[in-house]
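In: Sequence and predicted structure are below.
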Amino acid sequence: MNERRFSSRNFLLLIGLLFVGVYMYGQDSLRTVTAQRGDGILSLLRKQGVNPYEVYDDFIAMNIADLRDSVHLYAGRTYRIPKASDSKKASTAKQKTIETKKGKGKKYAIFGEGHETVVAKSNKLKGAFYYLVSGHGGPDPGAMAVYGGKSIAEDEYAYDITLRLAKELMSHGATVYIIIRDKNDGIRNERILKIDHDEVAYGDKTIPLNQSARLKQRVDIVNRLYKKHRGNYQRLIVTHVDSRSKGQNIDVFFYHHEKSKNGKKLAESIHETFQKKYKKYQPNRTYSGTFGDRTELYLVRKTHPAMAYIEIGNIRNKKDQRRILDSDNRQALAKWISEGVLLDFKKGEIGPIR
C-alpha cells in the first residue's frame, strides 16, 4: 500500500518536472542573434533563414523593448527570433506547401534579380485591378536632397516602394499595372538609390519633359485601362515623396478626390491601417498623418478610378530620410499600404461610380 502511494507521488512529481522542463525548454529554445551595424529587421531575419514577411509582426512584439522607435535595431543588442519558420528547412518546407496548394510562384523581371518571384499568399484581391503610379521619373527626378554627400531623388524611392507594393498586391491575387517602369531598376536594398532617367510609361512610352504633357500622359494611360476593364473593381494609387523645409518632419498622409466616396474609403482604409501600426509599434508617439481631399492635383482631378494619392515623407528632413533610405522601412511601408488596400477591398464598393 505504501509502496503504491510512494510510486504515485513520484509519478506525479515526475510528470510535474517534465511539464516544467518542457515549458522552460519552450521558453529558452528561441534562437537569439546579435545585431550588427547596418542590420535591419528584414535583413537580420533573412540571415537567420526566416521568411521576414511571415514573422515581422511577431519579431517586433517579441523585441519591442530593444527597438528604437519600435522599428529599428540597435547594433550590439541581442534579439530573439520567432519560432514560426525558424530555420531554412522549415521555411523551405512551408514554401513547398504553398507551391503545392497555390501553384509555383510566377516570375516578373520588372522586380529585379532576387525579387522576380511572386508566390501566392491568398486570393483575397482576385478580380481587383490596381494602377500604381510612382511620382515623376524619366527626365524629372522630382524632389531632391543630399544624404551623406550624395544626391537622392524622389522618383527612385517612390518607384522602389511602388514595386514592393505591386508584389504584395499580386501575391493576394490582384491584377496590377505598374504605370511608370524601369527595366533596369527592380526592387533594390541599397540606401542610396542610383539616379537615372531611363524610366518609361506603360507601353514603353517616352516620358515627356514638359510637366503638363507628362501628367496628361499618365492620366490618358490610366483612363484607357480603366475603360478597358470597365465593370471590374478598379483602384489607382499614386506614390510621392514630398519636399518641405529641412526642419519639417511629416508622417505619411493621403489625398483623394472630394466627390469620390470610394476614393475617400480607400484613403481612409490605408490611413486607418497606419494609425493601428503606429499605435502598436510606436505607442509613445502620436501619428499625425492625415487623409483629405486635394482635387486641385491634376492626377486626382482627371483620373477615372477611385484613387489614393500618398505622400511618404519629407525628403529633406533627416528623420523622414530614414523612412525611405532603409530598405526595411520601404518594405514595411509597402506592406502597410497593402494591408490598407486589403481592408478597403473587404469593405467593398460604395455606389456605382468613383
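Out: That came in fine, so what should we check first? Numbering: from 1, shown residues only.
In: got a list of what Gly38 touches?
Out: The contact partners of Gly38, by Cβ atoms under 8 Å, 6 or more residues apart in numbering, come to Ala75. C-betas here are computed from N, CA, C, even on glycine.
In: three-state assignment of it?
Out: The assignment at Gly38 comes out as coil when based on DSSP: H, G, I helix; E, B strand; the rest coil.
In: so how far is Ile270 from it?
Out: Distance check for Gly38 against Ile270: by Cβ to Cβ, to the nearest Å, it reads 30 Å.
In: and what of Glu311?
Out: Distance of Glu311 to Ile270, computed by Cβ to Cβ: 12 Å.
In: what is in contact with these two at once?
Out: Residues touching both Glu311 and Ile270 by Cβ under 8 Å, 6+ apart: Phe254.
In: which of these two has more neighbours?
Out: Between Glu311 and Ile270, Ile270 has the larger neighbour count (other Cβ atoms under 10 Å), namely 25 against 22.
In: Enumerate every residue touching the closest residue to Arg330 other than its chain neighbours.
Out: Excluding the flanking residues, the one nearest Arg330 by Cβ to Cβ, 6 or more residues apart in numbering is Ile161, at 5.2 Å. Counting by Cβ under 8 Å, 6+ apart, Ile161 makes contact with 134, 239, 312, 324, 330, 333-334.
In: now the helix or strand encompassing Ile161, how far from the centre of its chain.
Out: For Ile161, the host element (DSSP states H and E) is helix 154-171. Helix 154-171 has its average C-alpha position 8 Å from the chain's average C-alpha position, going by Cα atoms, centre = their mean, to the nearest Å.
In: list the buried ones in that helix?
Out: Of the residues in helix 154-171, those buried under the neighbour-count criterion (16 or more other Cβ atoms under 10 Å) are 154-171.
In: One more: stretch 206-215?
Out: Using 16+ other Cβ under 10 Å as the test for burial, stretch 206-215 gives 207-208, 214.
In: residues in contact with it?
Out: Outside stretch 206-215, the residues within contact range by Cβ under 8 Å, 6+ apart are 137-140, 180, 199-201, 217, 298-299, 302.
In: In its sheet, which strands sit next to the helix or strand following the helix holding Ile161, and in what direction?
Out: For helix 154-171, the succeeding helix or strand toward the C-terminus, using DSSP H and E, is strand 175-178. Strand pairing for strand 175-178, determined by DSSP bridges: strand 128-134 (parallel).
In: Give me the contact list for the partner strand.
Out: Residues from elsewhere that reach strand 128-134 (Cβ under 8 Å, 6+ apart): 155, 158-159, 161-162, 165-166, 169, 173-180, 218, 222, 225-226, 229, 232-239, 299, 305, 341, 345.
In: Quick check: mean pLDDT of that strand?
Out: Average pLDDT, strand 128-134: 98.
In: Put the alpha carbons of that strand into CSV.
Out: Listed next in CSV are the C-alpha coordinates belonging to strand 128-134 (Å, rounded to 0.1, in the frame of the first residue of the first chain):
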residue,chain,number,x,y,z
ALA,A,128,-9.5,43.6,-58.5
PHE,A,129,-7.4,45.8,-60.8
TYR,A,130,-4.9,48.3,-59.4
TYR,A,131,-3.0,51.0,-61.3
LEU,A,132,0.2,52.1,-59.5
VAL,A,133,1.9,55.4,-60.4
SER,A,134,5.2,56.4,-58.8
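In: distance between it and the chain's centre?
Out: Distance of strand 128-134 from its chain centroid, counting by Cα atoms, centre = their mean, is 15 Å.
In: which element follows it toward the C-terminus?
Out: Taking DSSP H and E, what comes next after strand 128-134 is strand 144-147.
In: does the closest residue to Gly289 other than its chain neighbours count as helix, strand or coil?
Out: Closest residue to Gly289 apart from its sequence neighbours, by Cβ to Cβ, 6+ apart: Asp251 at 3.5 Å. Three-state assignment for Asp251 (three-state DSSP): coil.
In: so how far is Ile312 from Asp251?
Out: Asp251 is 10 Å from Ile312, by Cβ to Cβ.
In: These two - which one has more neighbours?
Out: Ile312 (25 against 19).
In: Show the average pLDDT along the helix or strand containing the more buried one.
Out: Per DSSP H and E, Ile312 falls inside strand 306-314. Averaging pLDDT along strand 306-314 gives 95.
In: Tell me which other helices or strands it touches.
Out: Here strand 306-314 touches helix 154-171, strand 233-242, strand 253-256, helix 261-281, helix 298-302, helix 318-325, going by 3 or more Cβ pairs under 8 Å, 6 or more residues apart in numbering; DSSP states H and E.
In: Buried residues in the shortest one, which are they?
Out: Residues 253-256 are the ones in strand 253-256 that count as buried (16+ other Cβ under 10 Å).
In: and what of the longest one?
Out: Buried positions in helix 261-281, judged by neighbour count with 16+ other Cβ under 10 Å: 262-271, 273-274, 277-278, 281.
In: counting contacts, what elements does it pack onto?
Out: Looks like helix 261-281 contacts strand 233-242, strand 253-256, strand 291-293, strand 306-314, helix 327-347 (3+ Cβ pairs under 8 Å, 6+ apart).
In: how about 6 Å then?
Out: On a contact count with 3 or more Cβ pairs under 6 Å, 6 or more residues apart in numbering; DSSP states H and E, helix 261-281 meets strand 253-256, strand 291-293, strand 306-314, helix 327-347.
In: Check the fifth one too.
Out: Taking 3+ Cβ pairs under 6 Å, 6+ apart as the contact definition, helix 298-302 has no neighbouring helices or strands.
In: roughly how far out does it sit from the chain middle?
Out: Computed by Cα atoms, centre = their mean, the chain-centroid distance of helix 298-302 equals 25 Å.
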